[in-house]
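Undergrad: Predicted structure and sequence below. I'll ask about it afterward.
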Amino acid sequence: MSPRVPLYRIAHARAGDKGNDSLVSVWPYDRRHFAAIARGLTAERLRATYPALLRGPIEVKAFPRLGGFLIVMRDALEGGVNASLGLDSHGKSWSYLILRLDIELDDHQLSGQGL
């Protein structure tokens, strides 16, 4: 079985709110992890991991030439920051949740990286 690591060990994320939608970008620290992240960071996996929180469509867009990903989650902010009764309905919450996903790496990707 290939090793699994939390996404935050191999990538960082930024988030932004656009009305009722949340946008999260994920950037690997090392481009060698791009393919592993692409395999593990899917709309289906996000929906299965957070079914009670994700109500609308989810898009995960890969940008290989830039080395990053954009995740667009529609209807993810309970009406938007100003309309929400939730404690924190900002996109930054989503970046932290996404970075908790485990990503499966190839054995050779672990050597010399202290993972």
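TA: Received, thanks. Since the model is a prediction, treat every value here as computed from it, not as a measurement.
Undergrad: so for the biggest helix by length in the chain, what's the average pLDDT?
TA: Counting residues, the longest helix found in the chain (DSSP state H) is helix 91-99. Summarised as a single mean, pLDDT over helix 91-99 is 74.
Undergrad: Pull out the buried positions in that helix.
TA: Buried residues in helix 91-99, defined by neighbour count with 16 or more other CB atoms under 10 Å: 91, 93-95, 97-99. The C-beta positions use only the backbone N, C-alpha and C, and glycine is treated the same way.
Undergrad: Include distance to A36 when you put the residues you listed into TSV, please.
TA: Output for the buried residues of helix 91-99, formatted as TSV (distance: CB to CB, whole Å):
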residue	distance to A36
G91	24
S93	24
W94	21
S95	19
L97	19
I98	15
L99	14
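Undergrad: Would you point out the most distant pair within those?
TA: Taking CB to CB as the measure, the buried residues of helix 91-99 reach their widest spread between G91 and L99, a distance of 12.8 Å.
Undergrad: Point out where the protein drops to low pLDDT.
TA: Low-confidence segments of the chain, defined by pLDDT under 70, span residues 1, 78-92, 108-115.
Undergrad: Spell out the residue ranges of the helices in the protein.
TA: Taking DSSP H to define them, one finds helices in the chain at 34-40, 43-49, 91-99.
Undergrad: Now render those helices as a markdown table, adding distance to D107.
TA: Shown next, in a markdown table, are the helices of the chain (distance: least, CB to CB, whole Å):
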| stretch | distance to D107 |
| --- | --- |
| helix 34-40 | 11 |
| helix 43-49 | 22 |
| helix 91-99 | 23 |
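Undergrad: Let me know which of the ones you listed is the nearest to M73.
TA: Proximity to M73 (CB to CB) singles out helix 91-99 among the helices of the chain, at 6.5 Å.
Undergrad: Since that was my last question, I'll sign off now.
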